[in-house]
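Asker: Generate a structure from the sequence data that follows.
(2 chains)
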Protein chains: 2
Amino acid sequence: MSTTVNRVYRLKSRPEGSPVADNLELVEEIVPDPEPGQALVRTCYLSVDPTTRVWMSDYRGYMPPVPLGEVMRGVGVGQVEKSRRDDLPEGAIVLGWPGWQEYCLTNESSLVPLEFPFLPLPDPLPAPPSAFAGVLGHTGLTAHVGIDIGKPHPGDTAVVSAAAGAVGSIAGQLAKAAGATVVGIAGGHQKCRHVVDTLGFDHCIDRHAQSWREDLAAATPDGIDLDFENVGGEIMDAVLLRLNVGARVVLCGMIAAYNRFGSVGQHDIIQFVMQRASLHGFLVLDHLDRVAEAGAHLGELIAAGKLHYDETIVDGLEKAPDALSQILDGENLGKMIVRVSETL
Amino acid sequence: MSTTVNRVYRLKSRPEGSPVADNLELVEEIVPDPEPGQALVRTCYLSVDPTTRVWMSDYRGYMPPVPLGEVMRGVGVGQVEKSRRDDLPEGAIVLGWPGWQEYCLTNESSLVPLEFPFLPLPDPLPAPPSAFAGVLGHTGLTAHVGIDIGKPHPGDTAVVSAAAGAVGSIAGQLAKAAGATVVGIAGGHQKCRHVVDTLGFDHCIDRHAQSWREDLAAATPDGIDLDFENVGGEIMDAVLLRLNVGARVVLCGMIAAYNRFGSVGQHDIIQFVMQRASLHGFLVLDHLDRVAEAGAHLGELIAAGKLHYDETIVDGLEKAPDALSQILDGENLGKMIVRVSETL
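Answerer: Next up, the predicted model:
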């Protein structure tokens, strides 16, 4: 029986605040060949998302936390290396949950509490494989579903935080296509220019500028009808204080809270009463049945040159912890991806 | 031309934190007789509500703050003393916005930005007049509308904070009538006993007990499907951390924030993502067209002995500031009313 040498990141300790190198341990392990009904998947493009930080915490989440000692959980695109499963032939490109490791045996349910951790992608692929770890995968679906919940209308002013990120960048373009005036919030002058010049938002507020509150007010003279919220904290409060009567907040995430669950306060939640506003939390996992619909829609827009997506790709599994820190510090542009290996 | 001596509370300064005696000034003034198209209303039952504190603040609210120097804003029941208005005959009992004063000339729009500050009540009155400053007036309507938004179902666990207050006490009984298991949260053992024994809630958590978090967990073994939120702060966070997937939060108010707008933090708003939950802020002023519907519904329940309401009545306009402090400190049981004079 042959075997494969695998490099694996295991969760060693739960981060207090920002994740540090010591929270994850990179180890070499042997993966046996697949047994009947199993396939061995080689990880190609590993998605690193703000929610990755959630899985490291034992704060009450939407999935059980990654147990200490377990392989770090992660979504990604892989390629079937060896197979004893008819639905996953050797060479197939698959989307699923390989985790932070170079190889993964399917049917290892410890990584993720879902019934089907891998799905084969179309052959031939209609787009570069990395796109399926982002805009044509879960982050594009997140933007698609969130905009469907928020329903931007012509005349609305929509604000999107983390506007240069994987979800915010797509959500803002979809809101713009729906006819809303779209104001992004991002960190840094360069990102803000990109959000306006390349992504086509109407304005982008640099949250690092001292004048960011005044800039937000100036960019939303008619108030805010829709907030596609990815960040939380003082930025969200500032948005709440400009909500119009009947406004909707689509709560996609709160990056500002993930390093300090339970200690970042929202101070202006009462604005939901003052403005008779509503907040809708959602989770992409509830909408996986719409991934084909979203992928087709976004794929068409991309093909027509009407939707731009960015990727920040780093090379090598060993860069994954650093990629996570970059995401949490807002240093990425668009989708953060770790290229663990190439598809063949 | 005859005149009437009036005692008036004018807002002297905006409270920092809890309102103090010095924020309001009680002055004697002369009210002229009504001119054609005016009526002079004698204040009988003045409602004091948590939202009274909102009107004293210049935090961004749902109405302009009471200007400094102006008569303090207030809802109440009055009686027409002199009239030169056909729709408000002398002797009529009226519901409206008399403000914190003994007499009020109608058509004085400075008190409230509504077109019709007074409406005549049915003659003969189907209930004691004070009830129209509470359960058959705006606070009953608030509970009625909020429960309609939250839609408790049989099998749901519903939590109601400020459960012994004017709105919470009615909302909880309506949720119970809809088949939900209802858990109140109130301050003090005596109030909690009243909430269970007299109002018929299934449980009531004493927020003054050291074990309140554990008590809340024990009373909601199947999680929380609906939160009728009146308080905010750490109590709301504890509820958020027990929400079920798909739960609804009806945000009626946040008493805990009113003395310190912008500085009481909610630390677990991310639970709206984790549990795919929604929050719905609402304001009774948007639903005044349903006051007759709500009054008829609640009046029938009261007549049938199926709805209990409490009033805390204090005598004399000069007690109004103290009544407000009691409300903000949670010392009232049910509706807090200042009896300024009797209806004749």
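
Asker: wait, isn't A:Asp87 in contact with A:Asn107?
Answerer: No. Using C-beta atoms under 8 Å as the test, A:Asp87 is too far from A:Asn107 to be in contact (11.7 Å). Where you see a C-beta, it was placed from the backbone N, CA and C, and this is true even at glycine.

Asker: In chain A, which residue sits closest to chain B?
Answerer: Closest residue of chain A to chain B, C-beta to the nearest C-beta: A:Gly265 (2.0 Å).

Asker: Tell me who's in contact with that residue.
Answerer: Going by C-beta atoms under 8 Å, 6 or more residues apart in numbering or on different chains, A:Gly265 touches B:Val264, B:Gly265, B:Gln266, B:His267.

Asker: what does chain A have sitting close to chain B?
Answerer: Neighbours of chain B within chain A, by C-beta under 8 Å from any C-beta of the partner chain: A:60-62, A:232, A:237, A:241, A:251-254, A:257, A:261-283, A:286.

Asker: hmm, back to that, which among the contacts of A:Gly265 gets closest to chain A?
Answerer: B:Gly265 (2.0 Å).

Asker: residues in contact with A:Ala256?
Answerer: A:Val231, A:Gly232, A:Gly233, A:Glu234, A:Ile235, A:Met236, A:Val264.

Asker: Identify the farthest-apart pair in those residues.
Answerer: Spatially, the most separated pair among those is A:Ile235 and A:Val264, at 11.0 Å (C-beta to C-beta).

Asker: Helix or strand with the lowest mean pLDDT in chain A?
Answerer: One helix or strand of chain A scores below all others by mean pLDDT, DSSP states H and E: strand A:118-120, with a mean of 88.

Asker: distance of A:Ile149 from A:Thr4?
Answerer: Distance, A:Ile149 to A:Thr4, by C-beta to C-beta, to the nearest Å: 42 Å.

Asker: Checking my notes, A:Val5 in a helix, right?
Answerer: No. Applying DSSP: H, G, I helix; E, B strand; the rest coil, one finds A:Val5 to be strand, outside a helix.

Asker: Give me the buried subset of the residues of chain A next to chain B.
Answerer: Neighbour counting by 16 or more other C-beta atoms under 10 Å in any protein chain shown classes A:60-62, A:232, A:237, A:241, A:251-254, A:257, A:261, A:264-283 among these as buried.

Asker: residue ranges of the helices in chain A, please?
Answerer: A:50-56, A:138-150, A:166-177, A:189-197, A:212-219, A:234-240, A:255-258, A:271-274, A:291-303, A:320-328 (DSSP state H).

Asker: Which one of those helices lies nearest to B:Tyr9?
Answerer: If you check each of these against B:Tyr9 by C-beta to C-beta, helix A:271-274 wins as the nearest, at 24.2 Å.

Asker: Tell me where chain A is predicted with low confidence.
Answerer: For chain A, applying pLDDT under 70 flags the ranges A:1, A:108-116.

Asker: Now with 80, please.
Answerer: Counting by pLDDT under 80, chain A has low-confidence residues at A:1-2, A:107-117.

Asker: quick one, what contacts A:Ser47?
Answerer: Residues in contact with A:Ser47, defined by C-beta under 8 Å, 6+ apart, are A:Gly74, A:Val75, A:Gly76, A:Ala133, A:Gly134, A:Gly137, A:His138, A:Thr139, A:Lys335, A:Met336, A:Ile337.

Asker: in the sheet, who's paired with the closest residue to A:Glu90 other than its chain neighbours?
Answerer: Of all residues not flanking A:Glu90 in the chain, A:Ser83 sits nearest, at 4.9 Å (C-beta to C-beta, 6 or more residues apart in numbering or on different chains). For A:Ser83, the residues forming beta bridges with it (DSSP bridges) are A:Ala39.

Asker: Look up how far A:Pro15 lies from A:Ser83.
Answerer: Distance from A:Ser83 to A:Pro15, counting by C-beta to C-beta: 36 Å.

Asker: Can you give the domain ranges for chain A?
Answerer: As assigned by automatic domain parsing, chain A contains the domains A:3-134+A:310-339, A:138-285.

Asker: So which of these is the most surrounded?
Answerer: domain A:138-285 (a mean of 22; mean count of other C-beta atoms under 10 Å in any protein chain shown).

Asker: So A:Phe282 sits against B:Arg276, correct?
Answerer: Yes. Counting by C-beta under 8 Å, A:Phe282 touches B:Arg276, with 5.7 Å between them.

Asker: picking up where we left off before, just the ones of the contacts of A:Ser47 in strands?
Answerer: Members of these lying in strands (criterion: DSSP state E): A:Gly76, A:Lys335, A:Met336, A:Ile337.

Asker: residues contacting A:Leu216?
Answerer: A:Val159, A:Val183, A:Ile185, A:Ile205, A:Ala238, A:Val239, A:Arg242.

Asker: same thing but 10 Å
Answerer: A:Leu216 makes contact with A:Val159, A:Val183, A:Ile185, A:His203, A:Ile205, A:Arg207, A:Ile224, A:Ile235, A:Ala238, A:Val239, A:Leu241, A:Arg242, according to C-beta atoms under 10 Å, 6 or more residues apart in numbering or on different chains.

Asker: repeat for A:Ile337
Answerer: Contacts for A:Ile337 were tallied using C-beta under 10 Å, 6+ apart; they are A:44-48, A:76-77, A:130-131, A:133-134, A:166, A:311-315, A:323.

Asker: make it 6 Å
Answerer: A:Ile337 makes contact with A:Tyr45, A:Ser130, A:Ala133, A:Glu311, A:Ile313 under the criterion C-beta atoms under 6 Å, 6 or more residues apart in numbering or on different chains.

Asker: What residues are bridge-paired with it?
Answerer: A:Ser47, A:Ile313.

Asker: For A:Pro128, see how far away it is.
Answerer: 11 Å.

Asker: again with A:Trp97
Answerer: 20 Å.

Asker: go on, A:Gly246?
Answerer: Taking C-beta to C-beta, one finds A:Gly246 at 41 Å from A:Pro128.

Asker: Kindly report the same for A:Leu307.
Answerer: 15 Å.

Asker: A:Arg10 now?
Answerer: Note on A:Arg10: its distance to A:Pro128, by C-beta to C-beta, is 30 Å.

Asker: and what of A:Asp49?
Answerer: Using C-beta to C-beta, we find A:Asp49 at a distance of 19 Å from A:Pro128.

Asker: my guess is A:Ala294 meets A:His144, correct?
Answerer: Yes. A:Ala294 is within contact range of A:His144, at 3.9 Å (criterion: C-beta atoms under 6 Å).

Asker: Return the distance of A:Ile313 relative to B:Gly330.
Answerer: Distance, A:Ile313 to B:Gly330, by C-beta to C-beta: 56 Å.

Asker: what does A:Glu234 give?
Answerer: Separation of A:Glu234 from B:Gly330 (C-beta to C-beta): 30 Å.

Asker: I'd like the distance between the closest residue to A:Met274 other than its chain neighbours and B:Met274.
Answerer: Excluding its sequence neighbours, the residue lying closest to A:Met274 (C-beta to C-beta, 6+ apart) is B:Tyr62, at 4.7 Å. Counting by C-beta to C-beta, the gap from B:Tyr62 to B:Met274 is 29 Å.

Asker: dump the residue contacts of A:Gly281.
Answerer: By C-beta under 6 Å, 6+ apart, the contact set of A:Gly281 is A:Leu251, B:Phe272, B:Val273, B:Arg276, B:Ala277.

Asker: Fine by me, we can end here.
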